[in-house]
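> sequence and predicted structure, then a few things I'm wondering about:
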Amino acid sequence: MRYLHRMDSPVGPLELVSDGECLTGLFFPGHSRGLPSQGVRAAEPFAAVTQQLSEYFAGERTEFDLPIALHGTAFQLRCWQALQRIEFGQRRSYGQIAAEIGAPGAARAVGLANNRNPISIVVPCHRVVGSDGSLTGYGGGISTKEYLLDLESRAARLF
């Protein structure tokens with residue numbers, strides 16, 4: 001069974017997807033690649049997700065403790081696992097992620113994998129920037145990426 005829930009957030013409505021046990025998707029408006037078109041609308045399977053996201057947006061949570069299920073190619077899974085190792089408030093370049101997963105020179109492929117990340121924010125692809133530190137493309141839009149990075153920078157100073 002697939003469950004869907006829409007959550008309001010400071011960056012706009014977030015579409016959440018679950019298989020009933022794990023979070024399988026977190027999508028921004030307009031970034032619907034991979035968003036299922038069918039499922040049961042229900043808030044109950046998302047209680048922990050909405051609580052932890054609310055705490056994150058309030059600057060009170062620096063890491064997520066949620067069961068997630070990522071589905072993708074072997075390369076995408078390696079990229080997404082590397083994203084989960086980027087600490088709160090930190091940034092990495094696409095090239096750094098490529099080197100970390102043993103694929104130096106694959107920065108563009110890392111960017112494509114980031115674009116396919118089905119669980120935005122929780123799997124923090126917003127923490128990946130250009131080699132010069134510039135904010136590059138983001139499924140939620142550059143302004144959302146900037147908002148998330150600023151939120152984490154401010155909150156990181158408090159912890």
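All right, it came through fine.
> for the residue nearest the centre of the chain, which non-adjacent residue is closest in space?
What sits nearest the mean C-alpha location of the chain, by CA atoms, centre = their mean, is residue 120, with 2.1 Å. Spatial nearest neighbour of residue 120, excluding adjacent residues (CB to CB, 6 or more residues apart in numbering): residue 26 at 5.0 Å. C-beta: built from backbone N, CA, C; applies to glycine.
> gap between the one you found and residue 78?
Computed as CB to CB, to the nearest Å, the residue 26 to residue 78 distance reads 20 Å.
> likewise for residue 2?
26 Å.
> if you count surrounding residues, which of those two has more?
Higher neighbour count among residue 2 and residue 78: residue 78, with 18 against 14, using other CB atoms under 10 Å.
> tell me the average confidence for the helix or strand encompassing the residue nearest to residue 120?
Taking DSSP states H and E as the criterion, residue 26 maps to strand 23-27. In this model, strand 23-27 has a mean pLDDT of 96.
> so how far is that strand from its chain's centroid?
9 Å (CA atoms, centre = their mean, to the nearest Å).
> so how far is the helix or strand just after that strand from its chain's centroid?
The helix or strand immediately downstream of strand 23-27 is strand 40-41, counting by DSSP H and E. Counting by CA atoms, centre = their mean, strand 40-41 is centred 22 Å from the centre of its parent chain.
> can I assume residue 117 is in contact with residue 123?
Yes. Counting by CB atoms under 8 Å, residue 117 does reach residue 123; the two are 5.4 Å apart.
> the longest helix in this protein is where?
Counting residues, the longest helix in the chain under DSSP state H turns out to be helix 142-156.
> for that helix, give the mean pLDDT please.
Helix 142-156 shows a mean pLDDT of 92.
> CA atoms only: put it into PDB for me.
Only the C-alpha atoms of helix 142-156 are listed here, as PDB (Å, rounded to 0.1, in the frame of the first residue of the first chain):
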ATOM      1  CA  ILE A 142      17.600  27.800  -5.700                       C
ATOM      2  CA  SER A 143      15.700  30.000  -3.300                       C
ATOM      3  CA  THR A 144      14.600  26.900  -1.300                       C
ATOM      4  CA  LYS A 145      18.200  25.500  -1.400                       C
ATOM      5  CA  GLU A 146      19.400  28.900  -0.100                       C
ATOM      6  CA  TYR A 147      16.700  28.900   2.600                       C
ATOM      7  CA  LEU A 148      17.600  25.400   3.800                       C
ATOM      8  CA  LEU A 149      21.400  26.200   3.900                       C
ATOM      9  CA  ASP A 150      20.800  29.400   5.800                       C
ATOM     10  CA  LEU A 151      18.500  27.700   8.200                       C
ATOM     11  CA  GLU A 152      21.100  25.100   8.900                       C
ATOM     12  CA  SER A 153      23.900  27.700   9.200                       C
ATOM     13  CA  ARG A 154      21.900  29.600  11.800                       C
ATOM     14  CA  ALA A 155      20.900  26.500  13.800                       C
ATOM     15  CA  ALA A 156      24.400  25.000  13.700                       C
END
